[in-house]
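*Asks:* sequence-free structure coming up:
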């Protein structure tokens with residue numbers, strides 16, 4: 001699900017080789033916990049999203065740390 005305002009960004013995501021999801025504090029937004037979703041495409045400037053944990057419906061399980069998961073665009 002992509003908000004209408006970001007639909008044009010899909011082209012940036014289509015060149016991805018892998019998606020790296022990081023979890024931790026986001027001091028710039030004064031959040032104790034947030035996620036960075038980095039669309040690694042081998043460039044010097046990959047597409048990246050930052051979201052607060054309230055923007056997702058469930059947190060990843062600790063047992064999923066380091067595992068490869070399917071990410072669909």
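*Replies:* Thanks, I have the structure now. No experiment lies behind these values; they were computed from the predicted model shown.

*Asks:* can you give me the strands for this structure?
*Replies:* 18-26, 31-40, 47-52 (DSSP state E).

*Asks:* Include distance to residue 72, mean pLDDT and mean neighbour count when you put these into TSV, please.
*Replies:* No exception for glycine: its C-beta is placed from N, CA and C like everyone else's. Putting those into TSV (distance: least, Cβ to Cβ, whole Å; pLDDT from 0 to 100; neighbours: other Cβ atoms under 10 Å) gives the following:
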stretch	distance to residue 72	mean pLDDT	mean neighbour count
strand 18-26	10	89	13
strand 31-40	13	91	15
strand 47-52	15	90	15
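
*Asks:* out of these, nearest to residue 63?
*Replies:* Within the strands of the chain, the stretch nearest residue 63 is strand 18-26; the backing value is 14.1 Å (Cβ to Cβ).

*Asks:* So in that sheet, which strands flank the closest one, and in what orientation?
*Replies:* Using DSSP bridges, strand 18-26 pairs in its sheet with strand 31-40 (antiparallel).

*Asks:* And the strand it pairs with, how far out from the chain middle?
*Replies:* Put simply, strand 31-40 sits 5 Å off its chain's centre (Cα atoms, centre = their mean, to the nearest Å).

*Asks:* how big is the angle separating it from strand 47-52?
*Replies:* Note on geometry: by axes from the mean of the first three to the mean of the last three Cα atoms, to 10 degrees, strand 31-40 and strand 47-52 are set 160 degrees apart in direction.

*Asks:* which other residues reach strand 31-40?
*Replies:* Here strand 31-40 makes contact (Cβ atoms under 8 Å, 6 or more residues apart in numbering) with 12-13, 15-26, 46-53, 56.
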